[in-house]
Every structure is written in C-alpha cells, then in structure tokens.
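Peer 1: this is a predicted model, with the sequence first.
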Amino acid sequence: MSHSISNAVRRKDAVAKASGTTEYLSDQFLHSPYHAKCFYSTVSRGKIISRSLPDLPEDYYIIGADHVPGTNSLHMIIDDWPVFADKEVRYLGQIIYLVIGPDKEKVLELHSRIKIEYQELDPCYSLEDSASLLGGVQHGEDNVFTRYDIHHGNVEDAFAGTVKILENEYYTGYQEHVYMEPQSMFAFWENDSFVLHASAQCPFYIRKSLVGALGMEPEKVRIIQTATGGAFGGKEHFPDVLAGPLAVAVYHIRQPVKLVLDRKEDLAYTIKRHPSSISIRTAVDGDGTILAHDINLRLDGGAFASCSAVVLARAVFTVSNVYNVPNVRICGRVFCTNKVPSDAFRGFGAPQAVFAMESHMNYLAYELGVDPLAFRQPYLLKQGDATITEGKVHEKVLLPEMTERALEMSGYKEKYERYKNIPGKGIGFSYFLHGCGFTGNGERDLIKARIYLKKDEQDHVFIYASNVEMGQGLSTTFCKVASKALDIPFDQVDFVGPDTAIVPDSGPTVASRSISVVGYLVQKAAERLKEEWVPGEQQMITQDYSPPEGLVEWDQEALKGDAYPAYSWGVNIVEVEVDPLTCEVDTKGIWGVYDVGVPIDRQIVEGQIIGGMVQALGYSHLEKLENRDGRFKQATMADYMIPTSMDFPSTEKDILDNPFEYGAFGAKGAGEMVFDGAAPAFGAAVSQAVDAIIDEVPVLPETLMELTDEGQ
Amino acid sequence: MVNFYCPETLEEALSVRSDHGAVPLAGGTDLMVRFENWSSLPAGIPGPVMSVGQLEELKYIREEDGQLCIGAALPLNQVLEDQRIPRSLAAALDEIAAPSLRNLATLAGNIQNASPAADSVPPLLIMDARVRLLSSAGSRTVDMGDFITGPGKTVLKEDEIIESVRIPMDFVNKEAAGILSYRKVGTRKANALSKLSVCFWAETEKGVLKDIRLALGAVAATVVRLKEACARPAPLRRSACRRDGPSCR
C-alpha cells in the first residue's frame, strides 16, 4: 500500500542548496574580527613538563587550561575530555591552546613559536596495548571505558552438550566522516551571554558541555545552528570539543572569534568511526543447528570516552542481528587507547556488529557445507519473538517478503549457483536491522523531548524543535508531517532553525530518532492544533514525549527489556567482479529492500538509501584509514579514498510498507539503517569471487592478493 | 609574502626566471596543493612565483623538425582533445584526476613535478619523447629518460623553463600499427593517484613481436622504462604470449 505522505515534494532547502545561495558558516560570517587556530599536542601520551610561549602583541591571545573559568572538562556522558590539555596529553591532536588574533598570518607565526616539552609515556595504540595496561592505567582500573554483558538463555549448557564449536574473529577499520563542510563555528559575547553559531547536529549538547566549563547558567549560553553541510555523526559531540576552547577564549576576550578547521586538520584530528574486533564462538549440534553464540565484542574508543558507551550499547544490542538464537552471551567493551577519540558515525556501532554476525553466518554455512541463504532462514526473527535483552519484537517482521523481493530483483539464486564455477565473480547477501531512537530508557529518562507548534495571525504554522537539517531532509519531512496532520498546504508550514534561546529541547539529531520519535510529536501536536484551530489567531501547542505503550520495561542495570521500541529492517545484495591480475574489485550490481515503516518522502528516503550504500561500500573497500603511531597516515583527500560517482552502479531499491504505530504517519528510522548491510554483502560477494573467507573491512586489493597467493 | 610575477611574453618570463629564479606556475594543481597554507592565506611557496599559464607562445601543438611539439602551458584537456597526439599518451592523460583539474594542469607541470607516479611519463618514455628547455641564454633538449632524476627532482636549471615536450613523428606515425596497452591501477576508479601504471607498445612483423617498449609508473623512485626486459634474444610469438592470459592483455 502506498501512502499519500510518501509522494515526493520539492524540498524546502532544494533551490537554495542546488543554486549555491545557502549560506554556510564561513559565508555567513565571511569576515571576522578575530581568528582562532588550534595548537595540538604532537605526542600521543605524555606529561607536559614545560611550555614556552611567544610574547604577544596587542590584540593577540594564547588561551589555554589556565583560562578556563569553570571546570576544565567537557560534559558529554562523562566528564573525562578536558577543554584544554593541562598537565598531560592523551592523544596526538589534543588541543592545548587556541591562538587568536585579527591577522591570520600573525596568528600562524605566533602559533609556530609555541614550544611544549613533554615527558613521553608508552602510548596504547591497540586493544592489546590497552588491555595489558601498557604505560600504566589511563581509565578506571582496566582501561575499559564501558563494559556491557548480555546473558540470554544458557550459553554454558549449550556449549557443554555441543557437537561442534566454530569460531572466527572479524575486524572493521576506522572511517572518516568527510562531511563537505568542515567543522566551523563563530562565537561572540552579547550583554552577559555567550553566543555561538555552529555547524552542528546537537545544539543542546554543546550548551550542556559548556555550562560547566564556563561556570554559567544554561540560559546565558546560546547555541544557534547554522546551515550544516553534512555531519554523519561527526557533528554530534565533536563541536563540543571546539566550542569549549572557543567559549573560554571569547569569555576572556569578549570579541567575536571564528574557528574553522581546514580539511587537513579535520581529517587528522577530528573523531572517527570506532574500529572493532569481534570474535564469535558458535555451538552447533549434529544437524548443523546453531545452539548458542558466545561473543567477545571490543571497540577501540581512543583517548576519551565521548559517547562510546552508547555506541557500545548499540553494537551489543545489534550483534545478534535478525536472528533468533536461544542462547547468546556477549561481553562488550570499549577500550581506552592513545589515539584520536572514536565517536558517533552513521550506524553507531551497528555496522561493525552486523558485519561480524553476517560474515560469521557465511563462515558457519561454509564450514557446515550448506547454502548461506537457506541456512539463515530458520533463525529469522518473527513478531512476538524474544530479543537477547528479553524484550520483544513487537512489529510484524517482513523479512521473508523482503528476501523474496531482493532475490527477484537481483537474480541472486541463479547467479550464486553460476558463480560457483566462475573464478573472479561473486554475489553476496546480508540481513540487518536498526533500532529506532535512543537505547533503552534514553528517550523517556534522558532526552524527554519537547516540541512547539506556533501559528501566527496569517495561519502560518512554525515547527520549533532542536533537531537540525543537515542534508537528510528533516526541514521538509517535519513540515510534511505537520501539514498532513493539519490538512493544510505544505507551503503553509515552516521549520524554525534550531537556536537554544528559541526552540525547546527535542533532543539531538542522532540515532534515527528524528522522524520516528520527534516526528511523531510533530504529528500529535499538529492533530491537537487542528482540533483547537482558530483562524487568524496566534496559537501555540507544546508536545512532550511519552513512551509507546506495551513495551517491556527497560532495566538499565540488568540490560533487560525492550532496547528499542521498533526496528527498521533491510536486505542487501552486492555483486562483484575481481580482477585476476590486480585484485581490484568492480561492483557490478547493488540491490536493497528496506522496511522503514512508511517513508515520509520517498525521494528523500531513496536519497538516504543511495547515499548510505555508497558511503558503506566506501567503508567496505576504499576508505582505508590507518593509524600509525597515533597519526593517521592518510592526511589529505588524495590519500583517503571516498567513492566517486564512477565507483559504483546505482542502487536498485524497494521499500516495503509496514507502518509503526508510534512513528510519524507510520515512519521508522531510515538514515542509519541504510549503512548497516553493505559491508557484509560486499564481503560475501568478494568471498565467493576469490574463494576465501573475508573477515575484515576495508577489503583491499593488497589483502586479496595475499589471500589468493596463500591459496595458490 | 610571496613575490608573484605575471609576464606578458615568453621573453619577459625568461628574464624574470633568470633575474629572480621565480618558480614557473601554469595550472598550479601540484604546487598550490603542496604549499597550501592555513585558512586561505596565500600558498607558502618558498621563493618568488611566476605565472606562465597565460603565455600564448607556450600554448600550441605543432609539427616541427620531425617532432610533434606540445607547448608547456597547454592544459591537459586541450592536449587530450587533439587528434594528432599518440593514443598511448591520450589513454594516460584521460585517467589523470578529473576534467576540472585537467582544465588547469599541464604536461610540463606533470613532468616537472617528477612524481614517481606521474601518469604522463610512461607513454612519453616509450615514445622516446624529449623535453625542450629554454633560458635567456639559449635552449637545450633533453631525453625524457634523463630529465627526471628522482622523486621531485629534474635537471631543470634555476634560469630555465620547460618550453615544450617533443614526440618523434616516427613514433606518432607508426603507433597505430603496433600493439598498445595502457593500464592504470588507481586507488579508486576515477580521480585517483596511481598505485601502478603500465604502458606497453610493440611493433609486429608477420605476427612476431619486435621493438617491444614497456614503462612502469609508481614502482620506483622515478617512472622507469624497462629496456632490459624488452631486449630479448629470440623473437617472441604473439600466440605464446596470449596463452598466459590476462597478464599479456
């Protein structure tokens, strides 16, 4: 069934963005009286033993830890990340100073004259370094930022009576966001308040992280989101890390200051996707049935915790993927290392988890000598099934229908059989799911989202929320939801750009929650406004979050209950050809079938599908990002290979209808799920083509060459 | 501050070059990236710079003394679109970066940058191209193989500029009759640096290969022409080569 709301409209931001008239931060504040440049640590781990600063001419400043008026920490989930490094540095690239002045050339010259002397300590560059507490413990007692354990069923008994144990380990690498607009902000002092314009996903996160550092009331700290040229999670918490030093500087100088990172700085020193190492031991009985998984899931968190705990939670709750296996034990840990912190990135722990489990299912099928697709079928989750957190799958699961559609679109079965006899050709399959909204009780207890709808005397309606337009189409989809519920034209509704002084806190723009959670509030508010509608009068509706009914209560201590109220689901198929000489992989076909509840705008969701797919295929085999001695080897866009439009064919796609009762007009999340399935499908395809197990992404020609050389 | 000169004639350019040692900058696609400065400050090129991209005298392709001469300031896309250039060179130029960059970059720049992975160099080596250098004092012509001496290093003197790249007409005329193969292995399908590039050309006579020419990029400190690999005692039959499959494509 198709819904009228899914019909594409012209996006609110389409003309301005396509014609280039949208003003991003650097356009909006083209000229600034003062410019800031970050001074970064040049060692991965050490104590600062001396500092030598140049004499400063008038109007030039070097701002550091000593200037912080409040506490020298940025409040994210915990408070470990300092505004400025003070006595020690924990990663190469940690901010020690901001150098500020009116003339950039002079700023640069002063910057070059800062000298820091370190007493270096043994840095931890690997999970093993961290686990062995190399150089002494850095976080807690064991260098583990967060640990989550899951015990579902009885894994010990299942392994005790088992016939066969199959085990393998899977690795995923770093990934850089490469949003088109680098990290950018502009700040000034107004009356007794601090005002910051920033390219960001979460204005209220920035405010929360600054109040402690500045020692100011939240009302005196105002964050205004500027047109944001892409984010992908890279502007979830990292803007806090730049806003902190900038706020301290403006607090002292009381002058407007602009801080924009160059692409090279952005590549070198901003947060990345968590590398993962996930080992799965599986107990199998005599019939080849899976009895239990025992999973050791490790993430490399980098130097500071940031939101690693939440990334870990999603990885842990997603790693069993779409399968109902009666006994699952998971030990999930994020380790502290001395590298640039890992943080949010589209998918948020799910892509790593899905890659591991889907690759493992292929490995099991291979070892058991059965067809990988048929092997999966008996385990597919169904409505009413228990989850590994003793919650429930509340919705109808369309995986059988989605599978059928994907097979039909791609010709998978025939190709899979045929390619068994053709070296160099392969086709691969993946299943995946993505929980919508914050994990566990987050929406109810932490976020407590609120939105306003305001109507003016011309009966024009404005949506007030803190979720941002960052290219994903939110300013359009929110307006579609409101106009549909109000039964008024789309043009009669507008979205107010987030500004913490004006909009209520409806939470961050993350976790595939904007449409599924906040969009639902927009719908409810619009329905109320319609009832109370008085033409020609100003009216205002406040709508607060209330959790969906019928959920299994979440217990954060025990990690039991419904981890998510609903899931988006997907099937991906990728077909490849591997050059026998150079081992270059040519992607020949890409297919995706998705359940996103109801797409609020078909064209926008298709844009997400294509973009997510290409970004994830880049992650699968192009975007190699190596950290060597604390520094990323790929320093420029000529070294770090994101896909071009030449690299992949277009994604053939379909979206199945499965309305979610508590999502805006039935919508579930779409922005992240579309990333989750490409890497394992690509890995499976390459695996068939080269007849070797692929257990790591990115899959590079060099690796394949080694694999096939070994094979020979 | 950077001293920047914009000569109007080649003669003026040569005197700026000899008087100030100004670095010639045509498209700037290598220099501006290499010396990129913080936050839109002028590029930090050490020493004075001289724009040469505007010099009409260096923007030509013509036959001269049995050679096809490609002027130093002609953007790659214009070289690429000229039907007179050898197909081996066209194949290589077509895979350099993207069209927008090729509208600025020049052949002379690609050579003077002297990257071990320079894409134009393998075909220029197999066709025995030469580089004509000019200074106020006079001119000299150097074999392509002698021009580049190491990564980023050439024999260009402080007072010289590259005037043109010269390809023997003999090769231009017989290229089509031989077997040509060019392959670039990049880091992705387009707009990529070379991990390896191979340019192969051979003449055949009655189905037998003779005069085999092979050059490899991105495998050594400079692009290399493998003369020894191509000097063989007995003639190699094409069919014998074919049997090895894709490696001889």
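Peer 2: In hand now; what should we look at? No experiment lies behind these values; they were computed from the predicted model shown. Numbers count the residues shown, from 1 in each chain, chains lettered A, B, ... in the order given.
Peer 1: find the nearest non-adjacent residue to whatever residue of chain B ends up closest to chain A, please.
Peer 2: Closest to chain A within chain B is residue B:190: 3.9 Å, counting by C-beta to the nearest C-beta. In short, each C-beta sits where N, CA and C put it, glycine included. Of all residues not flanking residue B:190 in the chain, residue A:646 sits nearest, at 3.9 Å (C-beta to C-beta, 6 or more residues apart in numbering or on different chains).
Peer 1: part of a strand, is that neighbour?
Peer 2: No. Under DSSP: H, G, I helix; E, B strand; the rest coil, residue A:646 falls outside any strand and is assigned coil.
Peer 1: residue ranges with poor pLDDT in the chain?
Peer 2: If you meant another chain, say so; for now it's chain A. Across chain A, residues meeting the criterion (pLDDT under 70) sit at A:1, A:710-712.
Peer 1: um, chain B though
Peer 2: Using pLDDT under 70, chain B drops low at B:1, B:232-249.
Peer 1: try 90
Peer 2: Residue ranges of chain B with pLDDT under 90: B:1-2, B:39-40, B:204-210, B:227-249.
Peer 1: ok, longest strand in it?
Peer 2: As assigned by DSSP state E, the longest strand anywhere in chain B is strand B:194-205.
Peer 1: what packs against it?
Peer 2: When contacts are defined as 3 or more C-beta pairs under 8 Å, 6 or more residues apart in numbering or on different chains; DSSP states H and E, strand B:194-205 packs onto helix B:87-93, helix B:121-126, strand B:179-186, strand B:208-217.
Peer 1: and the residue nearest to residue B:190, how far is that from residue B:98?
Peer 2: From residue A:646 across to residue B:98, the span is 10 Å (C-beta to C-beta, to the nearest Å).
Peer 1: can you pull the residues that touch both of the two?
Peer 2: B:190, B:191 (C-beta atoms under 8 Å, 6 or more residues apart in numbering or on different chains).
Peer 1: okay, strands next: where are they in the stretch 501-650 of chain A?
Peer 2: Along the stretch 501-650 of chain A, counting by DSSP state E, counting those that start in this stretch, strands occupy A:539-544, A:567-578, A:585-595, A:627-628, A:631-632.
Peer 1: so which of the ones you listed comes closest to residue A:318?
Peer 2: Residue A:318 sits nearest to strand A:567-578 of all the strands of the stretch 501-650 of chain A, at 9.4 Å, using C-beta to C-beta.
Peer 1: mind saving the C-alpha coords of stretch B:58-65 as PDB?
Peer 2: Taking C-alpha atoms only, stretch B:58-65 is exported to PDB below (Å, rounded to 0.1, in the frame of the first residue of the first chain):
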ATOM      1  CA  LEU B  58      53.600  28.100 -24.900                       C
ATOM      2  CA  LYS B  59      50.100  27.100 -25.800                       C
ATOM      3  CA  TYR B  60      50.400  25.200 -29.100                       C
ATOM      4  CA  ILE B  61      50.700  21.800 -30.700                       C
ATOM      5  CA  ARG B  62      52.600  21.600 -34.000                       C
ATOM      6  CA  GLU B  63      54.800  19.500 -36.100                       C
ATOM      7  CA  GLU B  64      58.400  20.800 -36.200                       C
ATOM      8  CA  ASP B  65      61.600  19.100 -37.300                       C
END
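Peer 1: buried residues in it?
Peer 2: By neighbour count on 16 or more other C-beta atoms under 10 Å in any protein chain shown, the buried set for stretch B:58-65 is B:58, B:59.
Peer 1: still on that earlier bit, can you get me a residue count around the residue nearest to residue B:190?
Peer 2: 11 (other C-beta atoms under 10 Å in any protein chain shown).
Peer 1: by proximity to chain B, which residue of the stretch 401-550 of chain A wins?
Peer 2: Ranking the residues of the stretch 401-550 of chain A by distance to chain B (C-beta to the nearest C-beta) places residue A:424 first, at 9.9 Å.
Peer 1: look up how far chain B lies from residue A:10.
Peer 2: 28 Å (C-beta to the nearest C-beta, to the nearest Å).
Peer 1: what residues does chain B have near chain A?
Peer 2: Residues of chain B that fall close to chain A, judged by C-beta under 8 Å from any C-beta of the partner chain: B:33, B:36-41, B:185, B:187-193, B:196, B:245-247.
Peer 1: which of the residues you listed are buried?
Peer 2: Buried among the residues of chain B next to chain A by 16+ other C-beta under 10 Å: B:37, B:38, B:39, B:185, B:187, B:188, B:189, B:191, B:192, B:193.
Peer 1: isn't residue B:41 up against residue A:105?
Peer 2: Yes. Contact criterion C-beta atoms under 8 Å: residue B:41 and residue A:105 qualify, at 6.0 Å.
Peer 1: who's in contact with the residue in chain A positioned nearest to chain B?
Peer 2: Among all residues of chain A, residue A:646 sits closest to chain B, at 3.9 Å; criterion: C-beta to the nearest C-beta. Going by C-beta under 8 Å, 6+ apart, residue A:646 touches B:188, B:189, B:190, B:191.
Peer 1: of those, closest to residue B:160?
Peer 2: Distances from residue B:160 to the contacts of residue A:646, taken by C-beta to C-beta, are shortest for residue B:191, at 31.7 Å.
Peer 1: ok, and the closest non-adjacent residue to the closest one?
Peer 2: residue B:98 (4.6 Å).
Peer 1: any figure for the gap between that neighbour and residue A:129?
Peer 2: For residue B:98 relative to residue A:129 (C-beta to C-beta), the value is 41 Å.
Peer 1: nearest residue to residue B:67 in space, ignoring adjacent ones along the chain?
Peer 2: Spatial nearest neighbour of residue B:67, excluding adjacent residues (C-beta to C-beta, 6+ apart): residue B:166 at 4.1 Å.
Peer 1: would you say that neighbour is within a strand?
Peer 2: Yes. Under three-state DSSP, residue B:166 sits within a strand.
Peer 1: now residue A:355: which helix or strand?
Peer 2: Using DSSP states H and E, residue A:355 sits within helix A:350-368.
Peer 1: point out the other helices and strands that that helix packs with.
Peer 2: Looks like helix A:350-368 contacts strand A:164-172, strand A:276-284, strand A:290-302, helix A:308-318, helix A:372-376, strand A:425-435, helix A:673-676, helix A:678-690 (3+ C-beta pairs under 8 Å, 6+ apart).
Peer 1: ok, which stretches of chain B are helices?
Peer 2: Using DSSP state H, the helices of chain B run over residues B:10-20, B:31-34, B:76-81, B:87-93, B:99-102, B:107-113, B:121-126, B:144-147, B:169-174, B:227-230, B:238-242.
Peer 1: pull out the buried positions in the strand or helix carrying residue A:246.
Peer 2: Using DSSP H and E, residue A:246 sits within helix A:238-253. By neighbour count on 16+ other C-beta under 10 Å, the buried set for helix A:238-253 is A:238-251, A:253.
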